[in-house]
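# any chance you can model this:
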Amino acid sequence: MRRILLALAVLLLVGGAFAWWSLVPPAPLAVPERGALLEDVRVVNPGGAHLEHRSVRIEDGAIAAIDAAAGSGPWAGYTVLPGLADLHVHFPPPTGLGQTELFALLFLAHGVTSVRDCGDVDGSASAPARDGPREGRFPGPRVFACGYFLDGPEPLWPNSIVVRSADEARAAVRRVADEGFDCVKVYDRLSPEALAAIREEAAARKLPVIGHVPRAVSYLAGRLDDVQHLTGIGREAGDQTPFPEVIEGLFALPDAELADLARRSAELGIANTPTRVVTERMLATRDLAAASRAPHALLLPRLYRDAIWSREGSRLLAGLDEADYERLARAQPHGQRVVRALHAAGARIYAGTDVLNPFVVPGESLQRELALFVEAGMTPEEALVTATRAPGELLGRRGLAGLGRLEPGAPADLLVFRDDPTRDLAALASLVAVVADGRLYPREALDAQLARYRAYADGWLFDRVSVALTRRLLARLFEEEG
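Numbering: from 1, shown residues only. Presented below is the predicted three-dimensional model:
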């Protein structure tokens, strides 16, 4: 009997150790020392100079020099561009299952070296994603964050500051600034008076006001520094029509009226982060099984496509019916028409994706967003400006002058390609190395680490336990919300 009990104890110990080992994520990819020398490369600044036969020297996280050079070396003949920026992302809450590190790695593997976290849904996600790469604990992009959502009564997101008056609005912006965030995220239920006070206090604190145009005001009257998802376009002030019905306003917007709105947007300095890819991916969930088999969907563990992005797990997808999908299908070309009009008028456009929405995958989705800009009428180089020079000028105000450009003194965030993406965006697939904060990561090292995460996520125990627990947590959350 004693031997049987001992054997059972050993089995339980071994089984427990195996279970623990199966749920522990891979060790992060080692973060290299700063510094590199790229000899005899082609230096391309989208929207600026294209320089042949240059040597790029990187020291202490910055570009130390760009000199004329000709010769040989491992990078000779390759094309160097600034790192890409995604100006609308959300990170998952830290769970101990390596998802923050995986998201950060996927961004880098697709050339994204800066992101703007446009609202931390529960208040736990932004800091780990920002601090890990900054402290050299794991590779990842620079993270600029808004932190809170500023909204009116009965806000949608848990991590919201409810603003009912001008005084509360100013206090909320002061809180955002004092806690070290980089932007002020506004949302649907704000009053005109609260929004005006937010804009005034944010300007005094030198923080951009971004987000949804509140339903109480029109797109132009909102005067946001950066409008997300084209909200407010085609909608009158006070219109409370919910999504997705509200997008029908895009259908009825005459070309002349749209051209005038785009011109005035440019004159008022209203920028837009259209996030066209999020609508495209949402439309793809019409056939959820096919969407789940897409190559980009398989870059993340099954807990996303079979739990978080399922009809039962996604609050967004759960409410969509066939009429909604018809609206989304009709809205897609009209959204492209809006992007085309804004671009023609010279209005500022930023590339962003709304990562964490259904099937919007870190990094990959930004490349698709740029392709959608080209389909809307931009050249490949113009599309790349929306992810390099343009966002760099905005984010660089936070003490990083030169971000998004290749020039001496600029932050050393850059990409090395075999081919030139400014000629054809398909060349984005020829990425051979990423330099983030002066640290050089060969493509092979990034791919090898992604393979380790895939093996981990496909493990029998992690796969089943993570999906089951996520489904249970989501069901409980929906029950609590009523």
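
# contacts for the helix or strand harbouring residue 477 next, please.
Using DSSP states H and E, residue 477 maps to helix 460-481. With contacts defined as Cβ atoms under 8 Å, 6 or more residues apart in numbering, helix 460-481 is touched by 18-19, 22-23, 97, 301-303, 306-308, 310, 312-313, 315, 456-457. C-beta here means a position set from N, CA and C on the backbone, and glycine is covered the same way.

# kindly recompute the last result at 6 Å.
22, 23, 302, 303, 306, 307, 313 (Cβ atoms under 6 Å, 6 or more residues apart in numbering).

# any chance of JSON lines for these, columns pLDDT?
Output for those, formatted as JSON lines (pLDDT from 0 to 100):
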{"residue": "22", "pLDDT": "61"}
{"residue": "23", "pLDDT": "82"}
{"residue": "302", "pLDDT": "97"}
{"residue": "303", "pLDDT": "96"}
{"residue": "306", "pLDDT": "96"}
{"residue": "307", "pLDDT": "96"}
{"residue": "313", "pLDDT": "90"}
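
# who's the most centrally placed residue in the chain bridged to?
Nearest residue to the geometric centre of the chain (Cα atoms, centre = their mean): residue 89, 2.9 Å. Assessed by DSSP bridges, residue 89 has beta-bridge partners residue 117, residue 355.

# for it, what are its contacts?
With the criterion set at Cβ under 6 Å, 6+ apart, residue 89 makes contact with 115, 117, 355.

# with residue 143 instead?
115, 117, 129, 130.

# just the buried residues of these.
Among those, those classed as buried by 16 or more other Cβ atoms under 10 Å are 115, 117, 129, 130.

# tell me the one among those nearest to residue 384.
Proximity of the buried ones among the contacts of residue 143 to residue 384 was ranked by Cβ to Cβ; the top entry is residue 115 with 16.5 Å.

# looking at this, that closest one is in a strand?
Yes - assignment of residue 115 by DSSP: H, G, I helix; E, B strand; the rest coil places it within a strand.

# surely it touches residue 144?
No - Residue 115 lies out of contact with residue 144 (Cβ atoms under 6 Å); the separation is 7.2 Å.

# all helices of the stretch 301-450 of the chain, in order?
Along the stretch 301-450 of the chain, counting by DSSP state H, counting those that start in this stretch, helices occupy 302-303, 315-318, 322-344, 364-375, 380-385, 389-395, 443-457.

# might one say that residue 70 is in contact with residue 54?
No - assessed by Cβ under 6 Å, residue 70 is found out of contact with residue 54, at 9.3 Å.

# between the two, who's got more neighbours?
Under the neighbour definition other Cβ atoms under 10 Å, residue 70 and residue 54 were set side by side, and residue 54 has more, 19 against 11.

# from residue 40, how far out is that one?
8 Å (Cβ to Cβ, to the nearest Å).

# buried subset of the contacts of helix 460-481 as a ChimeraX selection?
Remark: buried members of the contacts of helix 460-481, expressed as a ChimeraX selection using 16+ other Cβ under 10 Å:
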select :23,302,303,306,307,313
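
# average pLDDT for stretch 382-394?
Averaged across stretch 382-394, pLDDT comes to 98.

# I'd like the numbering to begin with 15 instead of 1 from here.
Will do, 15 is the new start, and the previous item becomes stretch 396-408.

# now it: buried residues?
396, 397, 398, 399, 400, 401, 402, 403, 404, 405, 406, 408.

# give me the residues contacting that stretch.
Residues contacting stretch 396-408 (Cβ under 6 Å, 6+ apart): 60-61, 96, 98-99, 101, 363-365, 384, 387-388, 417-418, 436.

# what's the end-to-end length of that stretch?
Length of stretch 396-408, first residue to last, Cα to Cα, to the nearest Å: 17 Å.

# so which of the buried ones among the contacts of residue 157 comes closest to residue 231?
Nearest to residue 231 among the buried ones among the contacts of residue 157, with distances taken as Cβ to Cβ, is residue 131, at 24.8 Å.

# show me the contacts for residue 249.
260, 263.

# at 10 Å what do you get?
227, 229, 231, 232, 233, 255, 260, 261, 262, 263, 264, 267 (Cβ atoms under 10 Å, 6 or more residues apart in numbering).

# repeat that for residue 345.
244, 248, 258, 260, 261, 262, 263, 264, 265, 293, 297, 352.

# then residue 458?
Contacts of residue 458 by Cβ under 10 Å, 6+ apart are 446, 447.

# from what I see, residue 247 and residue 272 are in contact.
Yes - contact criterion Cβ atoms under 10 Å: residue 247 and residue 272 qualify, at 8.1 Å.

# need the residues touching each of the two.
Counting by Cβ under 10 Å, 6+ apart, the residues touching both residue 247 and residue 272 are 264, 348, 352, 355, 356.

# between those, which has the most around it?
Result: residue 356 is most packed of the shared contacts of residue 247 and residue 272 (other Cβ under 10 Å), 27 neighbours.

# what's the nearest residue to that one if we skip its chain neighbours?
Of all residues not flanking residue 356 in the chain, residue 276 sits nearest, at 4.8 Å (Cβ to Cβ, 6 or more residues apart in numbering).
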